[in-house]
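**Student:** pasting the sequence and the predicted model now:
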2 protein chains.
Amino acid sequence: MQARLSSREGQSVSTEDEAIEPVAAAEEWRERHGSSRKPTINDVARIAGVSKRTVSRVINNSPLVKEKTRTEIGKVIDIVGFSPDPQARGLAFRHSYLIGMIYDNPNPQYVVNMQQGILAGLNKSGHELVLHPCDRESDTFLQDVRQFIERLKLFGVILTPSVSEDERIVEMLREIGCAYIRIASVALEDNDNMIVSNDRIGGREAGRHLAGLGHERIGFISGKPSFRSSRERRAGFEEALAERGLTLDPALVRDGAYTFQSGLERGRELLQMDPRPTAIFAANDEMAVGVLQALSIAGLRVPDDMSIMGYDDFQISISVWPRITTVHSPVSRLGELAAEKLLLLKEQEGLAGGDETCTPWLIERESTAAPRK
Amino acid sequence: MQARLSSREGQSVSTEDEAIEPVAAAEEWRERHGSSRKPTINDVARIAGVSKRTVSRVINNSPLVKEKTRTEIGKVIDIVGFSPDPQARGLAFRHSYLIGMIYDNPNPQYVVNMQQGILAGLNKSGHELVLHPCDRESDTFLQDVRQFIERLKLFGVILTPSVSEDERIVEMLREIGCAYIRIASVALEDNDNMIVSNDRIGGREAGRHLAGLGHERIGFISGKPSFRSSRERRAGFEEALAERGLTLDPALVRDGAYTFQSGLERGRELLQMDPRPTAIFAANDEMAVGVLQALSIAGLRVPDDMSIMGYDDFQISISVWPRITTVHSPVSRLGELAAEKLLLLKEQEGLAGGDETCTPWLIERESTAAPRK
DNA sequence: CTGAAAGCGCTTACAG
DNA sequence: CTGAAAGCGCTTACAG
């Protein structure tokens, strides 16, 4: 009994000895250097009484550290407020902790939502987002992107439409061994590198809504036909019409460019058809608002004289009157998933995370109604 | 003659010797390692036959390098395509080449324009932009910003309204010695750290326009009163009215929040006044469009029943019908100037560049007209 | 499970 | 005007 007690005490003392000492040292360090100096791995190692190699192991979650050592070092790290210098780490690892966002979509709302999603996905991972807007038409496009990546030794990149659809850039990325995630309306390759927005499903929602209201003579304004999303939204739309035995009259189809101006102009053309369509589906909100303006100028009323639908569910769709029925596209969620997937992609080389997908959905508002008899 | 000739020849040979050799070596290097290896400062030094210290001097534009040596090394750098690793440089310099954009303005168009301007100002300087959206209401706001800066050892930061108006953050930046540029509607401190958008002038333009059209009973919807831009735009507006002997009737003034929704609500209130104002100046486009929607819903016509003015000249102002008369605010130009100034600020400590300012200007559209008799 | 040494690609006193 | 050495803050074989 006596022995056991003393043995217990001895044990407890010994653990305290090892436990208290570094903690006390850490606290003293904090007192002395306060917020004037940022601790380095060397400080932590000295305070904890281990080599920096071991501290490094703790930082990098190496399994070969005794649990006690790990906890000990962890405490010191917390107390002195150590966080490894990404620059020094990057230099040793031969890559940075920067993620590049490569984009050419000119819509501010899209860009901001996407950025916000990516930042959310990067969360407290220690990675930062750097921007690379680009122009696919430029002669130096590929070269610029490559330089951007190599100079900064990027951790990886996220590509958004339409630059994500460009096979030249993807080929280049593979060549230089840069990790990437492509966000696109449909799976363009192996799912490991893709986040898909399923625009075909969104198009279908739009088609079902208008057909369901009883429209038969429907106009369609696409985005740039070279953009995959334009084709997907249209294909989904036509599929939905087909379900009702309807087809899209080629005379009522116009190629837009996802811009307000193109919506205004193509909308104006469709208005002048005789008989004019009873509804128009514009492949994004920006164009739908253009169509609405064309109607307003022509003195026609929405939805009485014509229904209008958009796609995206951006602020603009509720800023106009009547508010635009649209399809919600979860842009920021796509960004978040892309960021998470990119992080996983590097972590467990090749074994990328779950194949979560995003599905767009219908948002009904005042701009659509049954056609007049 | 003979002697002179041979002397010339000798000279020419000797310069060629020194000139050709490194160039040839550089070309050979390029052949061999092609695009497979990125050259380092060591490669350049070896090829040029100098120490890396000297190459470093060339990179950093040190004046103590013989002109010939500099040219020589410059050639080698061009041929092998050397560009110094910002990570390694940063580690040695104890700072990175990253510029932080700290912002809390929720308007996507504002954010994107600003980013684009900053990127343009950063140009090919080798600096990159990292984003830090923030929430001034958060308890950890200051701490988060500080961590962001210290962890990344930022080169400097650019603050946009309204976070740029927060003295707490500026104080913290000074404390940790972080270079910064504040973008704001008015000079909040020494010009060295400011880029001003002169919103008072913009407000004046709005006031002159409406007063000039003959409006006397004018409504005003402000942004959040705590935002400096709200107060500046209003002050300028009132100054312009005063020039015509008019004053703003307090009963027709409403506090908005720069959001569409607030414009819609405050607009609705103003419509119900009896007699109602003949014109409303909303302190940004987003709210102006809200007012327009309120009018539309009430069945009133713009500008026949009432004129509406906004501020910003964003896309939204021409996406609605009638298009909104507004004041152009050169947001991206502000960003560009801020970036340039930040770069200069660090370069010649304290001696920041010219005090270029940006002036907003009036954009007349269909939403304003003389009041009905 | 832990450590001493070398290295990532740069810069900076210090000499000369 | 130029160079050899040490250092920025990390990681990585290699030993033990």
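**Tutor:** The structure has been received and is ready for your questions.
**Student:** part of a strand, is A:Ser226?
**Tutor:** No: assigned with DSSP: H, G, I helix; E, B strand; the rest coil, A:Ser226 falls outside any strand and is coil.
**Student:** from A:Val302, how far off is it?
**Tutor:** 30 Å (CB to CB, to the nearest Å). C-beta: built from backbone N, CA, C; applies to glycine.
**Student:** show me which of the two is the more surrounded one.
**Tutor:** In this comparison of A:Ser226 against A:Val302, neighbours counted by other CB atoms under 10 Å in any protein chain shown, the higher total goes to A:Val302 at 22 against 11.
**Student:** domain assignment for chain A?
**Tutor:** The record's domain parsing of chain A by automatic domain parsing lists A:2-84, A:92-198+A:331-361, A:199-329.
**Student:** what's the closest of the ones you listed to B:Val76?
**Tutor:** Taking CB to CB, domain A:92-198+A:331-361 is the member of the domains of chain A nearest to B:Val76, at 18.4 Å.
**Student:** and that closest one, is it in reach of DNA strand D?
**Tutor:** Yes: under the criterion of CB under 7 Å from any atom of the strand, domain A:92-198+A:331-361 makes contact with DNA strand D via A:92-93.
**Student:** now that domain: mean pLDDT?
**Tutor:** Here the mean pLDDT over domain A:92-198+A:331-361 is 93, rounded to a whole number.
**Student:** measure that domain end to end?
**Tutor:** Taking CA to CA, to the nearest Å, domain A:92-198+A:331-361 runs 46 Å from one end to the other.
**Student:** is DNA strand C within reach of it?
**Tutor:** Yes: judged by CB under 7 Å from any atom of the strand, domain A:92-198+A:331-361 and DNA strand C are in contact via A:92, A:94.
**Student:** hang on, the earlier thing: buried deepest among the domains of chain A, which one?
**Tutor:** Using mean count of other CB atoms under 10 Å in any protein chain shown, the stretch among these with the largest mean neighbour count is domain A:199-329, at a mean of 22.
**Student:** pLDDT at A:Glu18, what is it?
**Tutor:** In this prediction A:Glu18 is given a pLDDT of 46.
**Student:** chain center to stretch A:242-257, what's the gap?
**Tutor:** When C-alpha coordinates are averaged (CA atoms, centre = their mean, to the nearest Å), stretch A:242-257 and its chain have centres 31 Å apart.
**Student:** what does stretch A:295-308 give?
**Tutor:** On the basis of CA atoms, centre = their mean, the separation between the geometric centre of stretch A:295-308 and that of its chain is 35 Å.
**Student:** contacting residues around that stretch?
**Tutor:** Outside of stretch A:295-308, the residues within contact range by CB atoms under 8 Å, 6 or more residues apart in numbering or on different chains are A:210, A:213, A:215, A:267-268, A:271, A:276-280, A:282, A:288, A:291-292, A:322, A:324-325, A:366-369, A:371-372, B:321.
**Student:** A:Ala211 is in contact with A:Ala370, correct?
**Tutor:** No: using CB atoms under 8 Å as the test, A:Ala370 is too far from A:Ala211 to be in contact (11.2 Å).
**Student:** for the one residue in the stretch 251-373 of chain A that gets nearest to DNA strand D, which residues are in contact?
**Tutor:** Scanning the stretch 251-373 of chain A for proximity to DNA strand D using CB to the nearest atom of the strand identifies A:Lys346 as nearest, at 12.4 Å. With contacts defined as CB under 8 Å, 6+ apart, the neighbours of A:Lys346 are A:155-156, A:179.
**Student:** run the last query once more with 10 Å
**Tutor:** Taking CB atoms under 10 Å, 6 or more residues apart in numbering or on different chains as the definition of contact, the neighbours of A:Lys346 are A:95, A:127, A:155-156, A:179, A:352.
**Student:** run me through the strand neighbours of the strand or helix carrying A:Ile158, direction for each.
**Tutor:** Of the helices and strands defined by DSSP states H and E, A:Ile158 is found in strand A:156-159. Here the strand partners of strand A:156-159, with direction, are listed using DSSP bridges: strand A:98-103 (parallel), strand A:180-184 (parallel).
**Student:** for the ones you listed, which one sits closest to B:Gln143?
**Tutor:** Using CB to CB as the measure, strand A:98-103 is the one of the strands paired with strand A:156-159 that comes nearest B:Gln143, at 22.8 Å.
**Student:** touching the following helix or strand past the strand holding A:Ile158 from outside, list them.
**Tutor:** Sequence order places helix A:167-176 as the next helix or strand after strand A:156-159, per DSSP H and E. The list of residues contacting helix A:167-176 from outside it, by CB under 10 Å, 6+ apart, reads A:102, A:134, A:136, A:141-143, A:145-146, A:149-150, A:156-157, A:159, A:163-164, A:166, A:178-180, A:182, A:188-189, A:193, B:35.
**Student:** can you check stretch A:31-38 too?
**Tutor:** Residues outside stretch A:31-38 that contact it (CB under 10 Å, 6+ apart): A:29, A:39, A:43, A:80-83, A:85, B:146, B:150-151, B:153, B:175-176.
**Student:** ditto for stretch A:41-49
**Tutor:** Everything outside stretch A:41-49 that qualifies as a contact, by CB under 10 Å, 6+ apart, is A:18, A:21-30, A:33, A:37, A:39-40, A:50-56, A:58-59, A:69, A:72-77, A:79-80, A:82, A:84-85, A:88-89.
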